[in-house]
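Asker: Okay, sequence plus prediction incoming.
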Amino acid sequence: MNRRALLATAGLLLIPLDGALAQEREVSVTIYNSDLALVEDARPLDLKAGRQRLEFKDVSAAIRPETVSLSAPGVTILEQNFDYDLLTPDKLMEKAVGQQVRIVRTNPGDGKETTEVATVLAANEGVVLKIGDRIEVLRDDGVPTRVIFDKVPETLRARPTLSVSVDAASAGPRQAKLSYLTSGLSWKADYVALFDEAKNALDLQGWITLSNTSGTPFENAKTQLVAGDVNQLNQNNGYRPPRRPSSGMVSAGTESGTGERVADYYVYPLPERTTIASNQNKQVGFLSAQGVSAKKVYEVREGWFSSDAEPVKAVVAIQFNSGKLAGLGSQLPAGTMRVYMRDAAGDPKFVGENAIGHTPAGSELSIKTGEAFDVSSQATLVAETKVSRTRSRYEMRYLLRNAKDQPVTVELRQGGLWRDGEVKAESLKSRRIDARTLGWSVPVPANGEAVLTFTVETGW
């Protein structure tokens, strides 16, 4: 028997059971996007009058002790301690250094057991024992062996335990509510979009993925999810900025989304209580929409006025609106959107994915799925003229090629405009995307080419 199995046998014999309390608890968990959750744990207590110590087992192993709050009628908190030195076979042996244990060995030949009293001298990278006048290393030699301990050290806990010293004004039963913040619980949104190019429509399914790495299960918990990035301080008490995923938004919407709110965040309560097991990912559906208006586009984006040494492949993207008129009418929490299209046999095939940020209802989204095989662009800076000390004029030419047997439209975006930037000439009417970007919708014939030219003047 190896040392790990041998110690595990000893540890299992000492883990106590505590099922009654778990059945009486009522747990609520509010999970945020940024590895943060608020746990509210209501438990019945039967207190005596005066000072006493309460133990709350099965709290999160990743609890933030400074956020703990305990409320109960007529109870004052005096002191609290969080014990997270958990009972394991290795820990049990470490705590036994300098103490006596019993070593029981079984003879493989006749099955007889022999018991010896040993003093544990060390438990570093192996266990060193003193048995009588000899020093012995607990060996992994295949001989069935187990270690028997007299008791579990008081400093070791079978589960993470919060101990609280309180002063109760009177004796009797009452309901107590324990709340705290913890890391190790998080959630994200995942989307499955089935796009029908012929109908210019997509079916959208949204899934919530819960993740629990807190080291503690939360059984039969009322669970709600908060979409939004809350400010948190890091361990050095500095500001920790929220994550900034690629948003996928072309323009932000102004519609009021569906769902509950708290402060400036959306709240998604799960319809039923659920058990979030330790080290588990759990998926729950939260969005289903069919026939949302959408279209496939080819995008070319240039950040400055320069020439391309070789053709650049256009980006393929699926564009749609999250507003009611488009068939959706819902805000979209940050997550990953995966796009599928049906092949000639009618089977859905994965064509690409992209991240989106928290998106209000009524927003224009562009989900990049990949690069076009048959559509390309090549930019040429025809001329650059200095107009003044702070302003320049740029003459650009774009050659767009389409090797497909059907016409396409390329959405070309040109960045680099500064203050007071203006168009002096263009072969196709542009639109202003933002303060620094112009956009053109350029039709390109099947198996053909199209040319876009323009001249802009800009400076600072």
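Answerer: Perfect, I can see it now. Numbers count the residues shown, from 1 in each chain.
Asker: Now do residue 180: how many residues are near it, please.
Answerer: The tally of other residues near residue 180 (other Cβ atoms under 10 Å) stands at 22. Backbone N, C-alpha and C define where each C-beta goes, glycine included.
Asker: Who are the contact partners of it?
Answerer: Residue 180 makes contacts with 38-39, 59-60, 63-65, 67-69, as judged by Cβ atoms under 8 Å, 6 or more residues apart in numbering.
Asker: quick one: which of the residues you listed is nearest to residue 457?
Answerer: Nearest to residue 457 out of the contacts of residue 180 is residue 38 (Cβ to Cβ; 54.8 Å).
Asker: Going by residue numbers, what spans are strands in the stretch 1-150 of the chain?
Answerer: 26-32, 36-47, 50-57, 69-71, 75-83, 100-106, 113-122, 128-131, 134-137, 145-148 (DSSP state E, counting those that start in this stretch).
Asker: Okay, now the sheet partners of the third one, with direction.
Answerer: Read that as strand 50-57. strand 161-168 (antiparallel) (DSSP bridges).
Asker: Tell me what angle whichever helix or strand comes after the partner strand forms with strand 161-168.
Answerer: For strand 161-168, the following helix or strand on the C-terminal side (DSSP states H and E) is strand 172-182. Interaxial angle, strand 172-182 versus strand 161-168 (axes from the mean of the first three to the mean of the last three Cα atoms, to 10 degrees): 140 degrees.
Asker: what are the ranges of the strands in the stretch 151-300 of the chain?
Answerer: Going by DSSP E, counting those that start in this stretch, the stretch 151-300 of the chain shows strands at 161-168, 172-182, 185-196, 201-212, 218-227, 232-233, 239-240, 249-251, 260-262, 265-269, 274-276, 280-302.
Asker: from the contacts of residue 180, which would you call buried?
Answerer: Restricting the contacts of residue 180 to buried positions leaves 38-39, 59-60, 63, 68, with burial counted as 16 or more other Cβ atoms under 10 Å.
Asker: quick check, nearest of these to residue 332?
Answerer: residue 38 (23.4 Å).
Asker: for the nearest residue to the closest one once chain neighbours are set aside, what are its contacts?
Answerer: Among residues not flanking residue 38 along the chain, residue 30 sits closest, at 4.3 Å (Cβ to Cβ, 6 or more residues apart in numbering). Residues in contact with residue 30 (Cβ under 8 Å, 6+ apart) are 37-38, 40, 223-226.
Asker: partners of residue 30 in the sheet?
Answerer: With DSSP bridges as the rule, residue 30 is bridged to residue 38, residue 224.
Asker: now it: how far from residue 62?
Answerer: Residue 30 is 15 Å from residue 62, where distance means Cβ to Cβ, to the nearest Å.
Asker: same deal with residue 211?
Answerer: 12 Å.
Asker: and of the strands of the stretch 1-150 of the chain, who's closest to residue 431?
Answerer: That would be, of those and by Cβ to Cβ, strand 26-32, which comes in at 38.3 Å.
Asker: Next, format the strands of the stretch 151-300 of the chain as a markdown table and append distance to residue 105 and mean pLDDT.
Answerer: Shown next, in a markdown table, are the strands of the stretch 151-300 of the chain (distance: least, Cβ to Cβ, whole Å; pLDDT from 0 to 100):
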| stretch | distance to residue 105 | mean pLDDT |
| --- | --- | --- |
| strand 161-168 | 35 | 86 |
| strand 172-182 | 44 | 91 |
| strand 185-196 | 45 | 94 |
| strand 201-212 | 41 | 93 |
| strand 218-227 | 40 | 90 |
| strand 232-233 | 53 | 70 |
| strand 239-240 | 54 | 46 |
| strand 249-251 | 69 | 54 |
| strand 260-262 | 61 | 65 |
| strand 265-269 | 57 | 82 |
| strand 274-276 | 42 | 90 |
| strand 280-302 | 39 | 92 |
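Asker: now those strands in CSV, with distance to residue 333?
Answerer: As requested, the strands of the stretch 151-300 of the chain are arranged in CSV below (distance: least, Cβ to Cβ, whole Å):
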stretch, distance to residue 333
strand 161-168, 31
strand 172-182, 20
strand 185-196, 4
strand 201-212, 8
strand 218-227, 4
strand 232-233, 18
strand 239-240, 20
strand 249-251, 13
strand 260-262, 13
strand 265-269, 7
strand 274-276, 18
strand 280-302, 8
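Asker: so which of these gets nearest residue 391?
Answerer: Of the strands of the stretch 151-300 of the chain, nearest to residue 391 by Cβ to Cβ is strand 280-302, at 19.8 Å.
Asker: between the closest one and strand 218-227, how many degrees?
Answerer: In terms of direction (the same axes, to 10 degrees), strand 280-302 departs from strand 218-227 by 20 degrees.
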